[in-house]
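>>> Fold the stuff below for me.
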Amino acid sequence: MFNGRRVNFRSLAVAGAFVLALIGTAMAAPAATAQPRELPAAADGVIRANEEAAFKYFVGKGLTPVQAAGVVGNLDQESYMDPTIHQIGGGPGRGLAQWSAGGRWDTYPGDNLVEFANNAGVDRYGLQVQLDFVWYELTEFSYYGLAQLRAATTIEAAVVAFQDKYEGCGTCHTDRRIAYAQDAYNLYT
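Got it, this is the predicted structure:
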């Protein structure tokens, strides 16, 4: 609550991403600076469609709705569910999980999205291939925390398991991740 009004973190995040994208398009950036391929998926309908697809995907893989919501809340915080997004400000983050260019996005042997997409013969910026890659990493590399995620019985525990083991975020904003996860859970269960 803020001044007696209920605050919708998703609306604030979407509005903030849109403003940052507009600012970014108005500023001249060096050629080597990564910029979004397009504006972040600022339309709530696009976010919801990708979010629902991701939620159903992870439930279909055997996660509980609580666990799937924990994953979705993290991806919402990372990318606003936009598989084409490049880290705002020119950082290395790419795609749904903001995998790092020069790392899990394109160079780690046997564990990078670009190679994974190329092997499947699909566009690296597709929602489906990025969801498949998240699942691949979770199931093939124990250190990404699938066991901890599967042990989670609350939204908070699921968010933290994925955040800490899979995302490895710097400034995590766990409260936002939990709010997004709770929102997804309420919408899709």
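>>> and the gap between the residue nearest to the spatial centre of the chain and residue 116?
What sits nearest the mean C-alpha location of the chain, by Cα atoms, centre = their mean, is residue 75, with 2.1 Å. Distance, residue 75 to residue 116, by Cβ to Cβ, to the nearest Å: 17 Å. Every residue, glycine included, has its C-beta placed from N, CA and C.
>>> Kindly report the same for residue 52.
From residue 52 to residue 116 the distance is 23 Å (Cβ to Cβ).
>>> So for the two, which residue has more residues nearby?
residue 116 (19 against 15; other Cβ atoms under 10 Å).
>>> quick one, what contacts the more buried one?
129, 132-133, 136 (Cβ atoms under 8 Å, 6 or more residues apart in numbering).
>>> So which of these wins on neighbours?
The contacts of residue 116, ranked by neighbours (other Cβ under 10 Å): first place residue 133, 25 neighbours.
>>> pLDDT below threshold where in this protein?
Scanning the chain for pLDDT under 70 picks out 1-44.
>>> residue boundaries of the strands in the protein?
Using DSSP state E, the strands found in the chain span residues 93-94, 99-100.
>>> Which one, of these, ends up nearest to residue 83?
Among those, the nearest to residue 83 by Cβ to Cβ is strand 93-94 (9.1 Å).
>>> Report all helices and strands that that closest one contacts.
strand 99-100 (3 or more Cβ pairs under 8 Å, 6 or more residues apart in numbering; DSSP states H and E).
>>> what does the strand it packs on rub up against?
The contact list for strand 99-100, computed with Cβ under 8 Å, 6+ apart, reads 92-94, 105, 112-113.
>>> Repeat the analysis, applying 10 Å as the threshold.
Contacts to strand 99-100, defined as Cβ atoms under 10 Å, 6 or more residues apart in numbering, come from residues 78, 87, 91-94, 105-108, 111-114, 130, 133-134, 137, 167-168.
>>> any chance of the strands of the chain in TSV, with distance to residue 66 and mean neighbour count too?
Output for the strands of the chain, formatted as TSV (distance: least, Cβ to Cβ, whole Å; neighbours: other Cβ atoms under 10 Å):
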stretch	distance to residue 66	mean neighbour count
strand 93-94	26	24
strand 99-100	25	21
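>>> Out of the ones you listed, which is closest to residue 56?
Nearest of the strands of the chain (Cβ to Cβ): strand 99-100, 22.1 Å.
>>> what are the pairing partners of the closest one, and which direction each?
The strands beside strand 99-100 in its sheet (DSSP bridges) come out as strand 93-94 (antiparallel).
>>> And the strand it pairs with, how far out from the chain middle?
Centre-to-centre, strand 93-94 and its host chain are 10 Å apart (Cα atoms, centre = their mean, to the nearest Å).
>>> Same check on stretch 75-84?
4 Å.
>>> Equivalent analysis for stretch 114-124, please.
Counting by Cα atoms, centre = their mean, stretch 114-124 comes out at 18 Å from the chain centroid.
>>> do you know how far the nearest residue to residue 164 once chain neighbours are set aside is from residue 74?
Nearest residue to residue 164, sequence neighbours excluded (Cβ to Cβ, 6 or more residues apart in numbering): residue 145, at 7.1 Å. Counting by Cβ to Cβ, the separation of residue 145 from residue 74 is 11 Å.
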